[in-house]
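1. Need coordinates for the following:
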Amino acid sequence: MQELQLHRVYKHFKGNYYLVEDVCRDSETQEEMVLYRKLYDDGSLWVRPKDMFLSEVDHEKYPDVKQKYRFELQEINKI
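-> You can find the predicted model right below:
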């Protein structure tokens, strides 16, 4: 499994980009969650279980997807 890096940009396998803000915990289950921001439209915050965020794409459901992981770290060059 990948290692999550905070304050970095990830690409979702469907094509959009997100900034990982932090890791938090669900108050009921204590499950680790990833807090991330959309880098398009309204820039809203979203949360998803960390294990799901770092999981591989279901290539049986999405056979044409080239990306290995649901979210993949992007190398963004600074200007």
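2. alpha carbons only for contacts and neighbour counts from here, please
-> Noted.
3. could you pull out the strands for this structure?
-> 9-12, 17-25, 32-38, 45-49, 71-73 (DSSP state E).
4. okay if I get the ones you listed as CSV plus mean neighbour count?
-> CSV is the format used below for these (neighbours: other C-alpha atoms under 10 Å):
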stretch, mean neighbour count
strand 9-12, 20
strand 17-25, 18
strand 32-38, 19
strand 45-49, 15
strand 71-73, 22
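5. can you redo those as a markdown table with distance to Glu60?
-> Putting the strands of the chain into a markdown table (distance: least, C-alpha to C-alpha, whole Å) gives the following:
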| stretch | distance to Glu60 |
| --- | --- |
| strand 9-12 | 17 |
| strand 17-25 | 23 |
| strand 32-38 | 25 |
| strand 45-49 | 21 |
| strand 71-73 | 17 |
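6. Once you drop chain neighbours, what's closest to the residue minimising distance to the centre of the chain?
-> Geometric centre of the chain, nearest residue: Phe71, 4.3 Å, by C-alpha atoms, centre = their mean. Residue nearest to Phe71 in three dimensions, not counting chain neighbours: His12, with 4.5 Å by C-alpha to C-alpha, 6 or more residues apart in numbering.
7. Kindly state the pLDDT recorded for the one you found?
-> pLDDT, His12: 98.
8. so what's it up against?
-> Tyr18, Arg70, Phe71, Glu72 (C-alpha atoms under 8 Å, 6 or more residues apart in numbering).
9. Out of these, which is nearest to Arg8?
-> Tyr18 (8.3 Å; C-alpha to C-alpha).
10. Wait, that closest one touches Tyr10, no?
-> Yes: in terms of C-alpha atoms under 8 Å, Tyr18 counts as a neighbour of Tyr10; the distance is 5.3 Å.
11. Other residues contacting stretch 18-26?
-> 5-12, 31-39, 50.
12. again, but for stretch 47-59
-> So stretch 47-59 is contacted by 1-4, 13, 23, 31-36, 65, 67-71 (C-alpha under 8 Å, 6+ apart).
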